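In: coordinates only, no sequence provided:
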């Protein structure tokens, strides 16, 4: 069997590739580009009906005041200096800001821009491969697989994942620029490669592997490492270079990558996104993730927005994952004369390294979005292997074309179905629960999504399920406790606050939990427990305004209005709030000090963004503390008539 590994054989454009019927090669390429775009838009069109989700869309878009300011100088400054969302990606922030300026909070616009970026990436990938190899149909098939593979739905249908499709755009443009640089080596062309790479890094740092990919691209299809690459039958006549030359050539790009990596680690550390854990657990999880990614490339089922991390004690079966990877690597190296296999396999392995979990960022074991770039390597390896096999064995074109079309249609239909799961938060997390097990993150996210819909009991059930699977931080427990308290599950809220107290030793955090616990005890009428919790909260942190407010409510509940006013006044010295001043006004009024009450009301009106809302909330605070409304005529001027 003849090998296709040599550059003349692999890169030469066969006569049948040169023209088809009455189409020149250039026209055929144009038609195929249009076809790829139309196919991508057709299968992904349902994305325009999707809403924003509670998976970071609030952080990136709906609740981000900088993004909602649109493209202005202040937004640009913030984008380049911010580590918000535990990342440094200024171009991504600016892209979201431009979207908001154009579409406001209409999710269809944000989603469709993601889709247009994806469609553009599909075309760029096709043109890149065709130019580099001279083979049109395998290049088109790789691009088509990239277009419709269901694993890529997360990168397109998730509004906040703009960074993935945007960074891929610059990654592919950099590869195009590199191919032109190789044909005519000069500084200007190299600087263009570096510039595009830098832009990509400012969209998402995951593409730091570009220098590594360029070395693989030198190996195949550019064949810069082999003397036979200068054969005149090749679509590109390149001068062969030594590996040391090619590596040194990438040094400026490696420095860019290293700088981006350092900035990313700082941002993720400051954002508390880096998780600590056993190196053995991380290695085991990484091996399993590699194998699971391969599985989802060939059988993309049970896709989830969140895959839970491995348990603390790793099952023995995961030890088989490294054996699978070693076996595949050995097979690829045995067939090293098929250079596209080596390039594709190591593209897949290498581009996953930054996100495979050796440095664990976040709580996910793996993520579909992380496969957006790596799967291109697998697609190239498989498609070129099939194309070579069909050519060497003279397989009838229809025997290859029909299965290929059926596969693309099948993948496209699965993609359309997968897009529907991203319609809203509840459908997203319900699907994730259907396809994963023991997933505390999903239970928690679903709980918040259901809470937004007003489905209180279902929300609480999911919060409880999440707590059974995970030890939460005190602040998270207090958030759940507040939700339970506000929706009638007061005794359960008390238990949550006590659990939060048991898990924190830092005085300020304990003071916060104690002040909220005091208010909750007061809500059930347990004044003694409320008083003890409030006093301990003040001891733990004398500058905690919430603890002083709780103490003031207790005094007012007991009818000691002068003491209540003193406590509320002390709270306002620690932390001024419109609700706090309204409570102070109410206490002064009950204590028979109308002038002081009026002055406190003026202070509340001065600092309040919405005084009517503040009065309603102050009224609710008093009611929850069991304090009856003041029936006097002037009381309604201080706190909303109750």
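Out: Okay, I see it. If you're wondering where the values come from, they're calculated on a predicted model, not measured in any experiment. Numbers count the residues shown, from 1 in each chain.

In: setting aside sequence neighbours, what's the nearest residue to residue 83?
Out: Counting by C-beta to C-beta, 6 or more residues apart in numbering, residue 267 is the residue found nearest to residue 83 once chain neighbours are left out, at 4.1 Å. C-beta coordinates here come from the backbone N, C-alpha and C atoms, glycine included.

In: now the helix or strand in which residue 256 is found: mean pLDDT?
Out: Assigned by DSSP states H and E, residue 256 falls within helix 251-270. For helix 251-270, mean pLDDT is 92.

In: quick one: low-confidence parts of the stretch 201-350 of the chain?
Out: Across the stretch 201-350 of the chain, the ranges flagged by pLDDT under 70 are 227-237, 272-277, 310-318.

In: quick one: the helices in it?
Out: Here the stretch 201-350 of the chain has its helices, by DSSP state H, counting those that start in this stretch, at 210-219, 243-249, 251-270, 279-298, 320-334, 339-352.

In: re earlier: elements contacting the helix holding residue 256?
Out: Applying 3 or more C-beta pairs under 8 Å, 6 or more residues apart in numbering; DSSP states H and E, one finds that helix 251-270 makes contact with helix 187-201, helix 210-219.

In: out of these, which is the most enclosed?
Out: helix 210-219 (a mean of 22; mean count of other C-beta atoms under 10 Å).

In: what's in contact with that helix?
Out: Helix 210-219 has contacts (C-beta atoms under 8 Å, 6 or more residues apart in numbering) with 132, 171, 174-175, 178, 197, 200, 224-225, 241, 246-247, 250, 253-254, 257, 339, 342-343, 346-347, 350-351.

In: go again with 7 Å.
Out: Outside helix 210-219, the residues that touch it by C-beta atoms under 7 Å, 6 or more residues apart in numbering are 171, 174-175, 178, 197, 224-225, 246-247, 250, 253-254, 257, 339, 342-343, 346-347, 350-351.

In: mark which of those residues are buried, thanks.
Out: 171, 174-175, 178, 197, 224-225, 246, 250, 253, 257, 339, 342-343, 346-347, 350-351 (16 or more other C-beta atoms under 10 Å).

In: just give me the residue closest to the centre of this protein.
Out: residue 161 (5.6 Å; C-alpha atoms, centre = their mean).

In: got a pLDDT number for it?
Out: Looking at residue 161, the pLDDT reads 97.

In: contacting residues around it?
Out: 154, 155, 369.

In: run the last query once more with 8 Å
Out: With C-beta under 8 Å, 6+ apart, residue 161 has these contacts: 114, 154, 155, 369.

In: burial measure for the last one, as a count.
Out: Yep, that's residue 369 we're talking about. 24 (other C-beta atoms under 10 Å).

In: measure it to residue 206 for me?
Out: Plainly put, residue 369 is 9 Å away from residue 206 if you go by C-beta to C-beta, to the nearest Å.

In: residue 507 touches residue 540, doesn't it?
Out: Yes - contact criterion C-beta atoms under 8 Å: residue 507 and residue 540 qualify, at 4.5 Å.

In: tell me which of those two has more neighbours.
Out: residue 540 (19 against 13).

In: quick one: that one from residue 619, how far?
Out: Residue 540 is 29 Å from residue 619, by C-beta to C-beta.

In: over to residue 161?
Out: Counting by C-beta to C-beta, the gap from residue 161 to residue 619 is 43 Å.

In: likewise residue 410?
Out: Distance from residue 410 to residue 619, by C-beta to C-beta: 59 Å.

In: which one's more surrounded, these two?
Out: Using other C-beta under 10 Å, the more surrounded residue of residue 410 and residue 619 is residue 619, with 20 against 12.

In: what pLDDT is listed against that one?
Out: 93.

In: now do the phi/psi pair for it.
Out: phi -60, psi -40 (degrees, to the nearest 10).

In: ok, now the one 10 residues further on?
Out: Backbone dihedrals for residue 629, given as degrees, to the nearest 10, come out at phi -70, psi 140.

In: how about residue 223?
Out: phi 60, psi 40.

In: how about residue 328: what's its closest non-neighbour residue?
Out: Of all residues not flanking residue 328 in the chain, residue 345 sits nearest, at 6.9 Å (C-beta to C-beta, 6+ apart).

In: so what's residue 399 up against?
Out: Here residue 399 is in contact with residue 390 (C-beta under 8 Å, 6+ apart).

In: tell me the spacing between it and residue 390.
Out: From residue 399 over to residue 390 (counting by C-beta to C-beta), the distance is 8 Å.

In: buried sites along stretch 241-250?
Out: 241, 246, 249, 250.

In: need the nearest residue in space to the third one, chain neighbours excluded.
Out: Right, residue 249. Using C-beta to C-beta, 6+ apart and skipping the chain neighbours, the partner closest in space to residue 249 is residue 241 (7.8 Å).
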